[in-house]
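Asker: sequence first, predicted coordinates after that:
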Amino acid sequence: MLFIRPFIVDVANNTITIEEILSMPVVLIIGGGLAGAAAAREIAVSGRRTLIVEASDRLGGKVRDYGCKASDKCNNCGVCLTKGLWGSVENDPLIEIKFNTKLVDLTGNKGSYTAALRSGGVIDYIDNISDVIVATGFEQVSKKGGGFTEIGEALRDKKGSVISGSDIEELFKDRGGKRLFAKPPGSVAFIQCYGSRDRSENIACSKVCCAYSTRAAKVLKLFYPECRIVFYYMEMQQVMAGDYFDELKGLGMEFIKCRPIKITAGQPAYIEFDNPETGRRERSGFDLIVLSDGIAPASDAGRVAEICGLGQTGDGFLKYVNGMDDVKSTGIYIAGCAGGPARIEDVYADAVAAAKAILFEEERGRAR
């Protein structure tokens, strides 16, 4: 049941009543991560109702666990875009959120859809849906293991010598004072493209790994200036304008262009690799190894695609069957990483664009 403010102002600055709001169709948003939350807030600000269907028990998805990666200055990681977002969505009376709920069917046409939603063993039917935004997010590749690097038992490392990019994000989220670790690391290695650009995992570039890992490395250098930091990489994306990698090298960071062969957890943890400069196979020890894990399609992408009449790319992400022309006839939008790897700022912009497109179509319909 939605609890609506007594009055609200629409985009034309005309007050409308509760009865008028309740008679409006609702916009259904599948997924309550960054894309879903950003789209919901944009639509609610214009006086429209939205319903977020979230499979987990909280709003925010993976991004809610990401930490700021400012060092001595802002590093443009995008996390600040989420400031205040979760609370504003959770407390907006025009936004209803159904947690632990999944979409199981969608029938009807643009402007008049009915959704079947399952929560536990109960199926609920929601009608009067005008449009649908599919914002089902992504999965972290590293959870699958395997890929081009032999890692095996390191995935179950209990001592924390081998961690994922997601782990280091959570570490930065909770950072405070002048230290990140109980014991300062003397050396840290980042394994780039872990599970990305690999036919056994995900052949696409995940777009975000170079950015978050190098920004994380700058934070590590701020806390532990003497720490040795080495990147093992295939190719590095330009993250920011200017001589970005020269700046990192100036901070003492090392870059070795290769794909590691094997990672072994322990104190220290070891990386075996073919050194392109010496032509020899080498083994280096580190206090900490970070797997810069990439972005894979959501686990239920195929199921959602079938329900919503969408297609899938060769990598398994969602796409429009006939391009953007589909949106005009169906009113079903893809937002954020549901459609492929994207940075925080791009996910946010994509979600807002989808919301604005819905509002524009509605305004144009009223003007006819």
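Answerer: Done, it's in. Numbering: from 1, shown residues only.
Asker: centre of the chain to the host helix or strand of residue 52, how far?
Answerer: Using DSSP states H and E, residue 52 falls within strand 50-53. The chain centroid and the centroid of strand 50-53 are separated by 18 Å under Cα atoms, centre = their mean, to the nearest Å.
Asker: with stretch 352-364 instead?
Answerer: The answer for stretch 352-364 is 23 Å, by Cα atoms, centre = their mean.
Asker: got it, and stretch 74-92?
Answerer: Averaging C-alpha positions (Cα atoms, centre = their mean) puts stretch 74-92 13 Å from its chain's average.
Asker: show the end-to-end separation of it, please.
Answerer: 30 Å (Cα to Cα, to the nearest Å).
Asker: mind listing residues that contact that stretch?
Answerer: 34, 37-38, 40-41, 44, 52, 59-60, 63-64, 66-70, 95, 97, 211-212, 215, 218, 240, 343-345, 348 (Cβ atoms under 8 Å, 6 or more residues apart in numbering). Yep, even glycine has a C-beta here, placed from its N, CA and C like the rest.
Asker: in that stretch, which residues are buried?
Answerer: 75, 76, 77, 78, 79, 81, 82, 85, 86, 89, 92 (16 or more other Cβ atoms under 10 Å).
Asker: ok, these vs residue 292, which is closest?
Answerer: Distance to residue 292, by Cβ to Cβ, is smallest for residue 77 among these, at 14.2 Å.
Asker: and the gap between that closest one and residue 218?
Answerer: Separation of residue 77 from residue 218 (Cβ to Cβ, to the nearest Å): 10 Å.
Asker: joint contacts of the two?
Answerer: residue 69.
Asker: list the ones among the contacts of stretch 74-92 that fall in strands.
Answerer: Among those, DSSP state E puts 52, 95, 97 in strands.
Asker: pass me the low-pLDDT residue ranges in the stretch 251-368 of the chain, would you?
Answerer: 365-368 (pLDDT under 70).
Asker: where do the helices sit along it?
Answerer: 301-308, 325-330, 344-367 (DSSP state H, counting those that start in this stretch).
Asker: could I get the buried residue list for the last one?
Answerer: Spelled out, it's helix 344-367. Of the residues in helix 344-367, 344, 346-352, 354-355, 357-359, 361-362 count as buried by neighbour count, 16+ other Cβ under 10 Å.
Asker: related to what we said a few turns ago, so which of the ones in strands among the contacts of stretch 74-92 is the most crowded?
Answerer: Counting neighbours by other Cβ atoms under 10 Å, residue 52 leads these with 26 neighbours.
Asker: now residue 127: closest residue in space that isn't a chain neighbour?
Answerer: residue 114 (4.3 Å; Cβ to Cβ, 6 or more residues apart in numbering).
Asker: ramachandran angles for that neighbour?
Answerer: Note on residue 114: its backbone torsions stand at phi -120, psi 130 [degrees, to the nearest 10].
Asker: show me the contacts for it.
Answerer: Residues in contact with residue 114 (Cβ under 8 Å, 6+ apart) are 106, 107, 108, 125, 126, 127, 129.
Asker: any idea how far it is from residue 23?
Answerer: Between residue 114 and residue 23 the computed distance is 17 Å (Cβ to Cβ).
Asker: now do residue 113
Answerer: Distance, residue 113 to residue 23, using Cβ to Cβ: 16 Å.
Asker: with neighbour numbers in mind, choose between those two.
Answerer: residue 113 (23 against 10).
Asker: OK, contacts around that one?
Answerer: Contacts here follow Cβ under 8 Å, 6+ apart; on that basis residue 113 touches 28, 106, 107, 127, 129, 130, 132, 331.
Asker: among those residues, which are in helices?
Answerer: Within the contacts of residue 113, no residue falls in helices by DSSP state H.
Asker: so how far is stretch 105-116 off the chain centroid?
Answerer: 27 Å.
Asker: residues of that stretch that come out buried?
Answerer: By neighbour count on 16+ other Cβ under 10 Å, the buried set for stretch 105-116 is 106, 110, 113, 115.
Asker: can you tell me which of these end up in strands?
Answerer: Per DSSP E, the buried residues of stretch 105-116 map to strands at 106, 113, 115.
Asker: helices along the stretch 51-200 of the chain, start to end?
Answerer: Counting by DSSP H, counting those that start in this stretch, the helices of the stretch 51-200 of the chain are 85-90, 165-173.
Asker: the last one - contacts with which helices or strands?
Answerer: In terms of contact count using 3 or more Cβ pairs under 8 Å, 6 or more residues apart in numbering; DSSP states H and E, helix 165-173 is assigned the packing partners helix 209-223, strand 288-293.
Asker: for the ones you listed, which one sits closest to residue 161?
Answerer: For the helices and strands packed on helix 165-173, the distance to residue 161 is smallest for strand 288-293, at 6.2 Å, taking Cβ to Cβ.
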